[in-house]
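1. Based on what follows, work out the 3D shape:
(one chain, ligands or ions: 1)
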Amino acid sequence: MVNELRAVEWVGDGLRLIDQTVLPGRFEHLDVRDTGTLVDAIRRLVVRGAPALGVAGAFGVVIAMIEAERQGWDDAERDAAVERIRTARPTAVNLAAGIDRVVPFVPKGVEAVVAEAQKLLDEDVLGNRAIGKAGADWILARAGKRPLRVLTHCNTGALATAGWGTAFGVIRELSELGALEVVYADETRPLLQGSRLTAWELEQVGIPYLVQADGAAASTILRGLVDVAIIGADRIAANGDTANKIGSVGVALACADAGIPFMVAAPWSTIDLSTPSGAGIPIEERPGDEVLAWAGNPVAPEGARGFNPAFDVVPARLVTALVTETGVLEVSEGVTPRD
Ligand SMILES: CSC[C@H]1O[C@H](OP(=O)(O)O)[C@H](O)[C@@H]1O
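-> Down below sits the predicted model:
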């Protein structure tokens, strides 16, 4: 099922999104034909994950063009709707990049924008396969043993991308090579992308895994139970600093102390050379209530306040390798622009 899983799909007059807020209990789609519904879907993480947000943003421009026609908007009103999509979540650079990629095609009409957005989707799927292969090859070339025990954080699979997955794509490649013993999947509070989405995707592809509390990750690594950690990214600055789901820094620090590789898997569309370092990456602050509950059920006392940064920034010095669709970069010295 995951092989042809499409988190984001254009269905001729709108977007069809897998509703990730109801997985794994229910597999449902949300059909989107107006920008307001798309903005809400992005903010509620119906659609989520940097590359998937890029594709949703690109098709969001088409939705704005069709809605403008339907509502009699002028260009300024249409562009304001696109801007609301662009700013729906600030950290993943892919959302804005996906929009910026297709906007030049707007004067050529809806079909031209659809075609460019579909190209972006197709490129991401192919890119993720390349990331998977390059990442697995790099790991196996350095692994003193097989099969491997891998730790991952949040969800980077087909649900977070146009298909296949980034860090999850490396895991799938290792599994297909018979080189994977087990995946430790951090549950990834507060929205549980790990225990809900990564676990579901691992079930779909038959990869053995253990869900663990985020707070267990460091000791699991320091106890020698993990050979490599592989995570995704939402924005990578020019110096290699990497913004990813909150909790990633703790994993990176433990890997450094344990002397095991910490790999970031991401397409070039997640690299933002215009942002010099992690200090310049906007970190989304989400509602504190998400932290005060478990799976939506309040657990904290009345009057409690939550602190809920959705991402943290792993300093480049802690990133052993960044694998992209063009191969593996050693980023401790920054990201060298591709030619
Ligand atoms: C393949 S990018 C996935 C990336 O996005 C996730 O964030 P969110 O679930 O809030 O969209 C997380 O940072 C993942 O590593």
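2. Where does the prediction get shaky in the stretch 101-250 of the chain?
-> Within the stretch 101-250 of the chain, not a single segment meets pLDDT under 70.
3. what does it have sitting close to the ligand?
-> 154, 156, 160-161, 166, 193, 231-232, 234, 244-245 (Cβ under 6 Å from any ligand atom). Where you see a C-beta, it was placed from the backbone N, CA and C, and this is true even at glycine.
4. try 5 Å
-> When proximity is defined by Cβ under 5 Å from any ligand atom, the stretch 101-250 of the chain lies next to the ligand at 154, 156, 160, 166, 193, 232, 234, 244-245.
5. from what I can see A167 touches P267, true?
-> No. A167 lies out of contact with P267 (Cβ atoms under 8 Å); the separation is 11.6 Å.
6. neighbour count winner among the two?
-> A167 (31 against 26; other Cβ atoms under 10 Å).
7. Spatially, what comes nearest to the closest residue to the ligand within the stretch 1-150 of the chain if we skip its sequence neighbours?
-> Using Cβ to the nearest ligand atom, the closest approach of the stretch 1-150 of the chain to the ligand is made by R48 at 3.5 Å. Of all residues not flanking R48 in the chain, Q20 sits nearest, at 5.9 Å (Cβ to Cβ, 6 or more residues apart in numbering).
8. Return the distance of that neighbour relative to G194.
-> 13 Å (Cβ to Cβ, to the nearest Å).
9. and stretch 125-144, C-alpha only, in PDB?
-> What follows is stretch 125-144, C-alpha atoms only, in PDB (Å, rounded to 0.1, in the frame of the first residue of the first chain):
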ATOM      1  CA  VAL A 125       9.200  10.600  -5.700                       C
ATOM      2  CA  LEU A 126      12.200   9.900  -7.900                       C
ATOM      3  CA  GLY A 127      14.400  12.000  -5.600                       C
ATOM      4  CA  ASN A 128      13.400  10.100  -2.600                       C
ATOM      5  CA  ARG A 129      14.300   6.800  -4.200                       C
ATOM      6  CA  ALA A 130      17.700   8.300  -5.000                       C
ATOM      7  CA  ILE A 131      18.000   9.500  -1.400                       C
ATOM      8  CA  GLY A 132      17.100   6.000  -0.100                       C
ATOM      9  CA  LYS A 133      19.800   4.300  -2.300                       C
ATOM     10  CA  ALA A 134      22.600   6.900  -1.600                       C
ATOM     11  CA  GLY A 135      21.800   6.800   2.200                       C
ATOM     12  CA  ALA A 136      21.800   3.100   2.400                       C
ATOM     13  CA  ASP A 137      25.000   2.700   0.400                       C
ATOM     14  CA  TRP A 138      26.800   5.300   2.600                       C
ATOM     15  CA  ILE A 139      25.700   3.500   5.800                       C
ATOM     16  CA  LEU A 140      26.600   0.000   4.600                       C
ATOM     17  CA  ALA A 141      30.000   1.200   3.400                       C
ATOM     18  CA  ARG A 142      30.700   2.200   7.000                       C
ATOM     19  CA  ALA A 143      28.800  -0.300   9.000                       C
ATOM     20  CA  GLY A 144      30.900  -2.800  10.800                       C
END
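10. Please consider this matter closed, and thank you.
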